[in-house]
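> Got a sequence here, can you build the structure:
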Amino acid sequence: MFELFLKIFRTSKTVIPVSSLGVERAEILAIGEKISEKVKKLFRGSLAIREVDTGSDNAPEQELVALSNSYYDIERFGVHFVASPRHADMLMVTGPVTRNMAEALRRAYNSTPNPKIIVAVGDDAIDGGIFRGSYAVEDGVDQVVPVNYNIPGDPPSPIVIMRHLLRILEVEDKKSKKK
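Prediction:
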C-alpha cells in the first residue's frame, strides 16, 4: 500500500496540449464551441435530445451514445440526452420504422413540446435503407411523422453527427432571426 502511494507521488502530472491531440480532437473542440454558442442563444444554455429507436440494428445508437463518452463529451457544450420526449427539444430517430414501433413514434412525437425538431439519423431512418419495401417496416421516419433534418450515414460517426447538429442549429438560428 505504501509503495502505491510513493508511486503516485513520484509520477509527474502530464498535461497534453490540445494542439498535439490531432486534427479530429481539435475539430471536436471547434465544432463543440460553435454548438455551445448556438445552444446558449437558441435554447438558453441546454438542448435536450430524446433518441427514439424505431427498429434499427443499434449501430446509430452506439454512435449517439459515443457522443456522451469522455472523448466527445457533448454535454460540456450544452447538449443533453433525456429520458422523456416531454423534456425534449429535439427527437433523433434511428432505424427504419417497424410497423409495431410506428404508434410509439407517433406518441413520442405528440408528447414532444412545440417547437420541436425531428432528425432522422442514419440511412435506415431516412428512407428505410436495406429494409425499404419490406412488409415489416413503414420505411423512413417521414412516412410516420414529419422530419425536419436528415443525418446520412450507415451509421454516421459521432463527428459527423456533431457537424450536422451544428448545421441544424445554424439553420434554426436563421429561422429565428426571420421571425
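
> wait, what's in contact with residue 55?
Shown in contact with residue 55 (Cβ atoms under 8 Å, 6 or more residues apart in numbering): 95, 96, 97, 98, 101, 124, 131, 137. Yep, even glycine has a C-beta here, placed from its N, CA and C like the rest.

> How confident is the prediction for the residue nearest in space to the middle of the chain, by pLDDT?
Central residue of the chain (Cα atoms, centre = their mean): residue 64, 5.2 Å from the mean position. If you check residue 64, the pLDDT there is 93.

> Residue 176 now?
82.

> what separates it from residue 132, distance-wise?
Separation of residue 176 from residue 132 (Cβ to Cβ, to the nearest Å) stands at 35 Å.

> number of nearby residues for residue 57?
Here the number of neighbours of residue 57 (other Cβ atoms under 10 Å) works out to 18.

> Is it correct that it is in contact with residue 98?
No. The criterion here is Cβ atoms under 8 Å, and residue 57 misses it with residue 98 at 11.8 Å.

> Tell me where this protein has helices.
Ranges of helices in the chain, per DSSP state H, are 2-10, 23-43, 59-66, 102-111, 123-127, 158-178.

> most neighbours per residue, which of the ones you listed?
helix 123-127 (a mean of 24; mean count of other Cβ atoms under 10 Å).

> pLDDT (mean, whole number) over it?
Mean predicted lDDT for helix 123-127 stands at 91.

> And stretch 143-152, by the same measure?
Mean predicted lDDT for stretch 143-152 stands at 94.
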